[in-house]
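**Q** A predicted structure for the sequence below; I have some questions about it.
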Amino acid sequence: MTDSPLSPRPVVFSDDVLEHLPTHLRTNMCGELRPEHVGRTVSVCGWVSSRRVHSEHLAFVDLRDYTGLVQCVVDGAADLRSEYVVRVTGTVVAREEQWINPKLATGEVELADCTVEVLSVAEPPPFQLDERHETDETIRLRYRYLDLRRAQMQRNLRTRATINSAIRRAMESQGFLEVETPMLIASTPEGARDFVVPSRLKPGSFYALPQSPQLFKQLCMVGGIDRYFQIARCLRDEDLRADRQFEFMQLDAEMSFASQDDVLSAISTTVAAVVEAVTGETIGEIPRMTWMEAAERFGSDKPDVRFGLELIELTDVFTATEFNAFKAPCIKGIRVPGGAEFTRSRLDELTDRAKRWGAKGLVWMRVKPADAGSVELDSPVAKFLSDDEKAALVAATEAVDGDLLLLVADERPKVRHVLGLLRLDIGRPPVNEGGLNFLWVVDFPLFESVDEATGRPVSAHHPFTMPHEDDFGLLDGSPEDLLGVRSQAYDLVLNGWELGSGSVRIHRADIQQRVFELLGISKEEAQLKFGFLLDAFRFGPPPHAGFAFGIDRLVALLVGEENIREVIAFPKTQSGADPLTQAPTDIDPAQLAELGLRLLPRAAD
RNA sequence: GGUCCCGUGGUGCAGUUUGGAGUGCACGCCGCCCUGUCAAGGCGGAGGUCGCGAGUUCAAAUCUCGUCGGGACCGCCA
């Protein structure tokens, strides 16, 4: 792992590319001009970034294209305004020593004796395009084409393209074949909510937009593709978040005759190539952690391992407690170094959040110095705890003077969940700090829970996930045994973001049948839901395994953005709207009629 | 489905706690001056439905309720 701060390299313009950029209007790019160009007469095109008018006969105009800025010395600029599109023809001259601008890549030169042609005039932009001020995101999105002129958005989109390109090269060099799969498909049950598209030729029927190419890539394996990949658009109609859009891009991959290790190795190679392409740095082997360890130590299946505040097991400390709140199946805590300084209102706020996340309460204890170098616990509940319990608690947490202890007692999954969220709330560093901490989380459980009503286990990944071979025996056991069954499913995590997941697929009919039985899916139901896949599997499916990871998230983390909207050219707001196009919009009644659709009245209140 | 935060000239903020004249700051915009600036500088000017709607009050940017928009998060995302 690299410990350096995330530092995407500036976009590099190789001589190979620059050679192809001249057009009939320009000979050079603004950002490429250097002392080596001195003496040449050049034409550059771009937008007026700023102008400094000194008098009728002297003005400096900064001209901007995506490669950067160059200063043009012009004889008056009365007819130029911000964001005008101009072509400047002039002579590259070296700046005198005292006029060199070290903040500018082109700062050792400037364009002199300039002729300026206005190619387009522009109204003043609705917000300033410099990087000095934040602008309301709705306004940026409404005028996204202006926002994209900003250097940061240019960097983000160009880095994204670099990543896509690196992915393709890495996958192809490992023998993966790019195959495109359809966007209009049959709706398959389970998983996320589908986006649907009404059929005109068969009114009343619908296509679904793919949540992922999952079933198609497995069909590719049956089809002898051997190794498939696709940079695939996926669509899920679920609530949006900082790391979730309706539509997002995944590197989707599948391998024949492959084990979990084979997949992890191939994806690791590709991820390493991407990081190298963006940062120039080499990542070592990506460490692995079991799902159980992640849950117990970090309260999450996507642990952010950039910082401590790990969950400490305390159940044994309070097995014989008299304190009612601690008479629970599981007690865990986190130790916040220096947290004794937290104000009462901060602690109340943390308690409120813990409750909102589902805890019955949050026990806090300030660790204060006591006699003889020992410590005592300052807490509203200290009086309910025995001296032995307090001593054991201090020992287990290794608490020292000035620390804060936060404890939650409840069912084990609840304790993990609440403390895992508290840990992030208190300690999570900004996205661009702490380096790149990739992590494979392996040995996910096959079933995430048992439905209390039906007694049936609920699939944690999808029903084609291969159980761990060592746990086959448990498939015939009690509900408790079933929850202990591990699967050959794995996630790739980076700095607490789930980048993607994959699994070894079931290719044997007898195992598939057994898993369907356990999930309570009858043969008829399975045929109805996944019939085409099961049919295909009757004709010789190779053992196969695959993976998919979110490219938007990887790009965001590599450029140091907290939000994937910053690395998407035209994203949607949290409510799924596009301020630029106004989507979603009403449609013409004639279109509805053609599709055989009629709208229900909108809810009045 | 839920919790929390935000909405004030074109942009970003302060003002709201404790109601009293649309008050202030920075940037931008327009005009004039200025021959070495690079976040140019100086002088002057224009620009407001305080998101919207009710309510309380002598009086609301400020308090209450509702609503719309934006954001963060929980649920959801096999």
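**A** Arrived safely, thanks for sending.
**Q** hey, let's count contacts and neighbours off CA atoms from now on
**A** OK.
**Q** what mean pLDDT does whatever helix or strand A:Arg140 lives in get?
**A** Element membership for A:Arg140 (DSSP states H and E) is helix A:137-142. For helix A:137-142, mean pLDDT rounds to 95.
**Q** near RNA strand B, anything from that helix?
**A** Yes - Helix A:137-142 comes into contact with RNA strand B (Cα under 7 Å from any atom of the strand), by way of A:137-139.
**Q** other SSEs contacting that helix?
**A** helix A:144-147 (3 or more Cα pairs under 8 Å, 6 or more residues apart in numbering; DSSP states H and E).
**Q** now do the buried residues in the helix it packs on.
**A** Of all the residues in helix A:144-147, those buried under the rule 16 or more other Cα atoms under 10 Å are A:144, A:146-147.
**Q** what would these look like in JSON lines with distance to RNA strand B?
**A** Converted to JSON lines, the buried residues of helix A:144-147 look like this (distance: Cα to the nearest atom of the strand, whole Å):
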{"residue": "A:Arg144", "distance to RNA strand B": "13"}
{"residue": "A:Leu146", "distance to RNA strand B": "12"}
{"residue": "A:Asp147", "distance to RNA strand B": "12"}
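**Q** if we can go back for a sec, and for the helix holding A:Arg140, what's in contact with it?
**A** A:127, A:146-147, A:570-571, A:573, A:578-581 (Cα atoms under 8 Å, 6 or more residues apart in numbering).
**Q** out of those, which are buried?
**A** A:146-147, A:570-571, A:573, A:578-580.
**Q** now for the residues you listed: which two are most distant?
**A** A:Leu146 and A:Thr573 (17.5 Å; Cα to Cα).
**Q** report how many residues lie close to the closest residue to A:Arg244 other than its chain neighbours.
**A** Using Cα to Cα, 6 or more residues apart in numbering and skipping the chain neighbours, the partner closest in space to A:Arg244 is A:Ile564 (7.3 Å). A:Ile564 has 21 neighbours, counted by other Cα atoms under 10 Å.
**Q** one more: A:Cys234?
**A** For A:Cys234, the neighbour count with other Cα under 10 Å is 19.
**Q** repeat that for A:Gln154.
**A** Count around A:Gln154 with other Cα under 10 Å applied: 18.
**Q** not counting sequence-adjacent ones, nearest residue to it?
**A** A:Leu148 (6.2 Å).
**Q** also A:Thr91?
**A** Nearest non-adjacent residue to A:Thr91 (Cα to Cα, 6+ apart): A:Thr41, at 4.3 Å.
**Q** from RNA strand B, how far out is the one you found?
**A** Separation of A:Thr41 from RNA strand B (Cα to the nearest atom of the strand, to the nearest Å): 16 Å.
**Q** so that residue touches A:Thr89, yeah?
**A** Yes - proximity of A:Thr41 to A:Thr89 meets the contact threshold set by Cα atoms under 8 Å, at 7.1 Å.
**Q** and the top helix by length along chain A, what does it pack against?
**A** Ordering each helix of chain A by length in residues (DSSP state H) puts helix A:151-173 first. Counting contacts by 3+ Cα pairs under 8 Å, 6+ apart, helix A:151-173 is packed against helix A:260-279, helix A:551-559.
**Q** Serialize those helices to TSV and add fields for distance to A:Ser345.
**A** Shown next, in TSV, are these (distance: least, Cα to Cα, whole Å):
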stretch	distance to A:Ser345
helix A:260-279	42
helix A:551-559	33
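**Q** using CSV, lay out those helices together with distance to A:Ala359, mean neighbour count and mean pLDDT.
**A** Putting the helices and strands packed on helix A:151-173 into CSV (distance: least, Cα to Cα, whole Å; neighbours: other Cα atoms under 10 Å; pLDDT from 0 to 100) gives the following:
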stretch, distance to A:Ala359, mean neighbour count, mean pLDDT
helix A:260-279, 36, 19, 97
helix A:551-559, 30, 24, 97
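**Q** tabulate those in JSON lines, adding columns for distance to RNA strand B.
**A** Putting the helices and strands packed on helix A:151-173 into JSON lines (distance: least, Cα to the nearest atom of the strand, whole Å) gives the following:
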{"stretch": "helix A:260-279", "distance to RNA strand B": "17"}
{"stretch": "helix A:551-559", "distance to RNA strand B": "12"}
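**Q** so which of those helices comes closest to A:His468?
**A** helix A:260-279 (10.5 Å).
**Q** for the helix or strand that the closest one is followed by, name the packing helices and strands.
**A** Sequence-wise, the next helix or strand downstream of helix A:260-279 (DSSP H and E) is strand A:288-290. Here strand A:288-290 touches strand A:438-442, going by 3+ Cα pairs under 8 Å, 6+ apart.
**Q** pull up the pairing partners for the strand it packs on, direction included.
**A** Strand A:438-442 has the following sheet partners, assigned by DSSP bridges: strand A:288-290 (parallel), strand A:489-494 (antiparallel).
**Q** low-confidence ranges in chain A?
**A** A:1-12, A:190, A:602-605 (pLDDT under 70).
**Q** domains for it, by residue range?
**A** Taking automatic domain parsing as the domain assignment, the ranges for chain A are A:15-124, A:151-284+A:549-590, A:288-292+A:437-540, A:308-427.
**Q** to A:Gly299, which of the ones you listed lies closest?
**A** Short answer: domain A:308-427, nearest of those by Cα to Cα, at 4.0 Å.
**Q** can you give me the first-to-last residue distance of that closest one?
**A** 8 Å (Cα to Cα, to the nearest Å).
**Q** tell me the contacts of the residue of the stretch 301-450 of chain A found nearest RNA strand B?
**A** Residue of the stretch 301-450 of chain A nearest RNA strand B, by Cα to the nearest atom of the strand: A:Trp357 (4.8 Å). With contact taken as Cα under 8 Å, 6+ apart, A:Trp357 is in contact with A:Val418.
**Q** okay, and the beta partners of A:Lys332?
**A** Bridge pairing for A:Lys332 - DSSP bridges - gives A:Glu313, A:Val408.
**Q** what is the burial count for A:Asn324?
**A** 8.
**Q** do the same with A:Thr188
**A** Neighbours of A:Thr188 using other Cα under 10 Å come to 16.
**Q** for A:Pro541, which non-adjacent residue is closest in space?
**A** Nearest one to A:Pro541, counting by Cα to Cα, 6+ apart, is A:Val222 at 4.8 Å.
**Q** contact partners for the one you found?
**A** So A:Val222 contacts A:536-537, A:539-542 (Cα under 8 Å, 6+ apart).
**Q** which of those residues count as buried?
**A** Burial by neighbour count, 16+ other Cα under 10 Å: within the contacts of A:Val222 this picks out A:537, A:541-542.
**Q** how far is the lengthiest strand in chain A from where the chain is centred?
**A** Counting by DSSP state E, the longest strand found in chain A is strand A:41-55. Relative to its parent chain, strand A:41-55 has a centroid offset of 39 Å by Cα atoms, centre = their mean, to the nearest Å.
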